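Novice: Got a predicted model here, sequence first, then my questions.
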Number of protein chains: 2
Amino acid sequence: MDEKYMKEAIKEAKKAWAKDEVPIGAVIVKDGKVIARAHNLRESKQIATAHAEIIAIEKACKKIGSWRLNDCTLYVTLEPCAMCSGAMILSRVGRIVYGASDPKGGCVDSCIKMYEQQGFNHYPEVTSGILKDECSSMLTTFFKNKRNQKN
Amino acid sequence: MDEKYMKEAIKEAKKAWAKDEVPIGAVIVKDGKVIARAHNLRESKQIATAHAEIIAIEKACKKIGSWRLNDCTLYVTLEPCAMCSGAMILSRVGRIVYGASDPKGGCVDSCIKMYEQQGFNHYPEVTSGILKDECSSMLTTFFKNKRNQKN
């Protein structure tokens, strides 16, 4: 079941890629239904916070009319950064499923183990590594192509 | 000089209070000029990410047409949470000045010392405690009034 929704997040990542954005995508699922889809739009919008997860959370809040996303699962192709891991605490997302790890900026398990810190008022469940090869190879190919364009 | 801009952030916090929102405000300053003002709007908008800092960063990015806020200083009345501390890494904010500490959710110096973690590609300068009594007493009074309303 996680693979099914991660494929939807990968579709979103490919939309980012088509816009020459770093290919990262996210979907939010509630009661078996995708209620929000989003992809990274940092360069197109020139807004630092326009990560797939933040846009998806904002869409989901609007959709259900509440800032509380307790019964939702967020699927994202790459391990969330500090901002996005924090947004998942604030929005009370019940569960996070991510694909590839991000040793350079990931703040769920890599740079910081966000949900092992004491004192927060919400801790999402975490599942990682779902379709990680596909999630990761999109990024590798994207950056390889970028380097080749420069040479 | 920091006090002057913190007073502007406090004005924003009071706007939140007038809307029955937790009174937290922020401004972003570039070249001595306030380029973005925002206050907490979580309840009014029912969006989990609608913290003063995130809204201010988005406004500043739009204003200068870039996701990079290197030459900017962000003033906020309360110590930023994980999401907001992370957003300041992503937006390359040059300097953060906050008023009151937040032992329950602050992620600059309290729950997490965000900018002491290794591996990020940007570290803002931090100044804390500017007009902290005024920043803090707004919050104390707000929550005290809330409790009295319930009784």
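Specialist: Done, it's in.
Novice: what's the burial count for the nearest residue to A:M138 once chain neighbours are set aside?
Specialist: Spatial nearest neighbour of A:M138, chain neighbours left out: A:P23 (4.5 Å); criterion: Cβ to Cβ, 6 or more residues apart in numbering or on different chains. (Each C-beta comes from the backbone N, C-alpha and C, glycine too.) When neighbours are defined as other Cβ atoms under 10 Å in any protein chain shown, A:P23 has 25 of them.
Novice: Can you list the buried residues in stretch A:26-40?
Specialist: A:A26, A:V27, A:I28, A:V29, A:K30, A:V34, A:I35, A:A36, A:R37, A:A38, A:H39, A:N40 (16 or more other Cβ atoms under 10 Å in any protein chain shown).
Novice: those helices in chain A, which residues are they?
Specialist: In chain A, the segments counted as helices under DSSP state H are A:2-18, A:42-45, A:52-64, A:82-90, A:132-150.
Novice: most neighbours per residue, which of the ones you listed?
Specialist: helix A:82-90 (a mean of 28; mean count of other Cβ atoms under 10 Å in any protein chain shown).
Novice: who's in contact with it?
Specialist: With contact meaning Cβ atoms under 8 Å, 6 or more residues apart in numbering or on different chains, helix A:82-90 is reached by A:49, A:51, A:53-54, A:57, A:67, A:74, A:76, A:80, A:96, A:105, A:107-108, A:111-112, A:114-115, A:120-124, B:48-49, B:51, B:81-87, B:89-90, B:107, B:114, B:120.
Novice: so how far is A:S101 from A:Y75?
Specialist: 15 Å (Cβ to Cβ, to the nearest Å).
Novice: Pick out whichever of those two has more residues nearby.
Specialist: Taking neighbours as other Cβ under 10 Å, A:Y75 and A:S101 compare with A:Y75 leading, 32 against 17.
Novice: what pLDDT does that one get?
Specialist: A:Y75 carries a pLDDT value of 98.
Novice: Test my guess that it contacts A:I35.
Specialist: No: the pair A:Y75 / A:I35 is not scored as a contact, 11.8 Å apart, by Cβ atoms under 8 Å.
Novice: list the residues that contact both of the two?
Specialist: Residues within reach of A:Y75 and of A:I35 at once, by Cβ under 8 Å, 6+ apart, are A:I28, A:V29.
Novice: Spit out the contact partners of A:K132.
Specialist: So A:K132 contacts A:G99, A:A100, A:S101 (Cβ under 8 Å, 6+ apart).
Novice: Surely the first one and A:T127 touch.
Specialist: When you say that, I think you mean A:G99. No: A:G99 lies out of contact with A:T127 (Cβ under 8 Å); the separation is 10.2 Å.
Novice: Who has more neighbours out of the two?
Specialist: The neighbour count for A:G99 versus A:T127, taken as other Cβ under 10 Å, is higher for A:G99 (27 against 13).
Novice: if we can go back for a sec, with mean pLDDT and distance to B:Y5 added, can I get the helices of chain A in TSV?
Specialist: Output for these, formatted as TSV (pLDDT from 0 to 100; distance: least, Cβ to Cβ, whole Å):
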stretch	mean pLDDT	distance to B:Y5
helix A:2-18	98	36
helix A:42-45	98	26
helix A:52-64	98	26
helix A:82-90	98	23
helix A:132-150	94	38
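Novice: Can you redo the ones you listed as CSV, where the extra columns are distance to B:W17?
Specialist: Output for these, formatted as CSV (distance: least, Cβ to Cβ, whole Å):
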stretch, distance to B:W17
helix A:2-18, 38
helix A:42-45, 31
helix A:52-64, 22
helix A:82-90, 20
helix A:132-150, 43
